[in-house]
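> here is my input, please return the structure:
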Amino acid sequence: MKRFLTVIIYMYILLCLTGCSGESLFAGRQDLERLLPIQTLGIDTAGGGVELSVSSGIDPDEDPPLVLRTTASSIETAIQRLQKYSPRDELYYAHVQYILLGQEAAETDLETILRWVARSPDMRMGTAMFVVKGSAAQALISASGGVSDVTEQLASLEREIRLDRRHIYSIREIAASLAEEGCALCLAIEAASSQGTVYTDDTPGTALLPAGYAVFRGEALVGYLSQEESLGADLLAGSIAGTRVTVERNTLELVGGSVDVHGQWGEAGDLEGLTIQGSLQAGILEQEDGGETDPDRLDQALGEAAGQWLSAVIARAQSLGCDFLGLRSAAGRESPGGITPDSWEDIFPALSVTIEIDGEVDRSYDLAQ
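Here you go, the predicted structure:
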């Protein structure tokens with residue numbers, strides 16, 4: 001009771017100091033209660049316009065999420081249209097946590113979407129974005145319902161990715177990379193049926209799963225990285241720890257690794273190639289029957305596997321003519337004048353690359369040793 005009275009006294013003092021009456025405070029609270037924060041937003045193309053889908057997420061009272069979808073000539077027009085159809089409260093976009101970008105929109109409308117986010121007084125450039133292999137609306141709607149929803153699934157996916165020390169790119173990071181390098185990476189996801197795997201009642205029948213990285217060049221989606229290529233990109237970015245891979249029938253958890261990129265310079269000061277050297281450490285989680293048991297051979301196999309990941313992702317970047325790995329900046333540090341974007345664009349697709357990665361497998365997880 002004393003604590004309750006103390007709170008009341010402090011509230012009264014604050015109201016007197018600010019000149020606010022209890023009535024105005026109550027009115028402000030009512031205004032806040034009328035706002036319904038949108039937490040996940042999906043953007044697709046629809047003819048010459050846009051298809052917008054939104055989910056409010058499950059609120060603290062555990063009410064089911066509000067899920068809406070509409071088409072319009074522009075994003076702002078779609079937002080206004082959704083508000084008219086909202087069965088309750090005012091839709092509020094300042095707390096959007098995730099943006100799902102449909103594949104077709106990523107191929108054709110990325111610039112329009114980036115500009116809209118940058119200009120919007122409600123949206124934040126730090127919002128995480130995923131490229132959906134397919135329709136963002138279909139993924140958002142099919143992953144919502146019951147005791148779970150699309151926002152919770154994406155939050156769970158984000159926790160898993162961060163535990164693996166991988167990276168989810170924000171709108172700001174994608175826009176900055178496009179401005180500086182002309183290309184960017186974005187985590188891709190795909191909707192998959194969860195039937196036969198998830199048996200909890202009242203859950204949506206769709207799971208959202210990571211699907212490597214999407215590659216943007218010149219503000220347009222130009223392709224996706226395979227699992228092997230994505231591992232190479234993570235290794236170059238220094239965000240590989242926590243990832244689990246299978247090498248010679250051994251399930252390994254990568255615990256650390258680093259690589260250095262150096263330029264191979266000719267006598268005339270011309271860049272003739274790249275050398276990538278580094279190391280990768282892992283621990284054994286499980287060994288299948290017939291799996292490699294010789295420590296030296298397993299170390300060598302891990303190093304060779306890492307070299308293949310790097311070779312695959314660099315070959316992919318060269319084939320796209322898109323340095324989404326930041327190799328120009330890394331090699332240019334050894335050149336007094338750096339490497340200009342124009343000259344790099346000419347030499348990068350055919351540049352030779354030498355890769356040397358040392359593997360080290362720790363058997364400390366093996367209790368039998």
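> for His262, which non-adjacent residue is closest in space?
The spatial neighbour of His262 that comes closest, neighbours along the chain excluded (CB to CB, 6 or more residues apart in numbering), is Thr275 at 4.7 Å. Just so you know, the C-beta spots here come from the backbone N, C-alpha and C atoms, and that holds for glycine as well.
> and the one you found, how far from Leu35?
Using CB to CB, to the nearest Å, we find Thr275 at a distance of 56 Å from Leu35.
> quick one, strands of the stretch 251-369 of the chain?
271-287, 352-362 (DSSP state E, counting those that start in this stretch).
> same check, this time on the stretch 51-200 of the chain
All strands of the stretch 51-200 of the chain, identified by DSSP E, counting those that start in this stretch, fall at 67-72, 90-92, 98-102, 128-132, 183-193.
> return the third one as CSV; C-alpha atoms alone will do.
So the one you mean is strand 98-102. Extracted in CSV, the C-alpha atoms of strand 98-102 (Å, rounded to 0.1, in the frame of the first residue of the first chain):
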residue,chain,number,x,y,z
TYR,A,98,11.1,-7.3,-40.9
ILE,A,99,10.5,-6.6,-44.5
LEU,A,100,9.9,-9.5,-46.9
LEU,A,101,10.7,-8.7,-50.5
GLY,A,102,9.2,-10.9,-53.1
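> could you tell me the angle between it and strand 128-132?
Per axes from the mean of the first three to the mean of the last three CA atoms, to 10 degrees, the angle that strand 98-102 makes with strand 128-132 is 30 degrees.
> so strand 98-102 versus strand 183-193, what angle?
Put simply, strand 98-102 runs at 90 degrees to strand 183-193, going by the same axes, to 10 degrees.
> got the contact list for strand 98-102?
39-45, 51, 53, 110, 113, 117, 127-132, 134-137, 139-140, 150-151, 154, 171, 186, 189 (CB atoms under 8 Å, 6 or more residues apart in numbering).
> for ChimeraX, what selects the buried ones among these?
Provided next is the ChimeraX selection string for whichever of the contacts of strand 98-102 are buried by 16 or more other CB atoms under 10 Å:
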select :39,40,41,42,43,44,45,51,53,110,113,117,127,128,129,130,131,132,135,136,137,139,140,150,151,154,171,186,189
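> show me where the stretch 251-369 of the chain dips below the pLDDT cut-off.
In the predicted model, the stretch 251-369 of the chain carries pLDDT under 70 at residues 336-337, 364-369.
> residue ranges for the helices of it, please.
Using DSSP state H, counting those that start in this stretch, the helices of the stretch 251-369 of the chain run over 295-320, 327-332, 341-347.
> the shortest one: which residues count as buried?
If you call a residue buried by 16+ other CB under 10 Å, then helix 327-332 has these buried ones: 327-328, 330-332.
> which other helices and strands does that helix contact?
strand 250-265, strand 271-287 (3 or more CB pairs under 8 Å, 6 or more residues apart in numbering; DSSP states H and E).
> Ser319: which of those strands is closest?
Ser319 lies closest to strand 271-287 among the helices and strands packed on helix 327-332, at 15.8 Å (CB to CB).
> for Thr243, list the residues it contacts.
Contacts for Thr243 (CB under 8 Å, 6+ apart) come out as 164, 166, 231, 234, 253-254.
> got a markdown table for those residues, with distance to Ala179 and neighbour count too?
Formatted as a markdown table, these follow (distance: CB to CB, whole Å; neighbours: other CB atoms under 10 Å):
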| residue | distance to Ala179 | neighbour count |
| --- | --- | --- |
| Asp164 | 28 | 18 |
| Arg166 | 23 | 20 |
| Leu231 | 27 | 23 |
| Asp234 | 23 | 24 |
| Glu253 | 36 | 18 |
| Leu254 | 32 | 22 |
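> can I get the residues you listed in JSON lines with distance to Tyr92?
Formatted as JSON lines, the contacts of Thr243 follow (distance: CB to CB, whole Å):
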{"residue": "Asp164", "distance to Tyr92": "32"}
{"residue": "Arg166", "distance to Tyr92": "30"}
{"residue": "Leu231", "distance to Tyr92": "39"}
{"residue": "Asp234", "distance to Tyr92": "35"}
{"residue": "Glu253", "distance to Tyr92": "41"}
{"residue": "Leu254", "distance to Tyr92": "41"}
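> list just the nearest of those residues to Arg363.
Nearest to Arg363 among the contacts of Thr243: Glu253, at 12.3 Å, using CB to CB.
> count of neighbours near the spatially closest residue to Ile174 that is not a sequence neighbour?
Excluding the flanking residues, the one nearest Ile174 by CB to CB, 6+ apart is Ala184, at 4.6 Å. Residues lying near Ala184 (other CB atoms under 10 Å) number 23.
> with Ser193 instead?
Ser193 sits with 11 neighbouring residues when counted by other CB under 10 Å.
> verify the stated contact: it with Leu208.
No: contact criterion CB atoms under 8 Å: Ser193 and Leu208 do not qualify, at 11.5 Å.
> list the contacts of Ile347.
By CB under 8 Å, 6+ apart, the contact list for Ile347 reads Leu271.
> over to the one 3 residues further on?
By CB under 8 Å, 6+ apart, the contact list for Ala350 reads Gln318.
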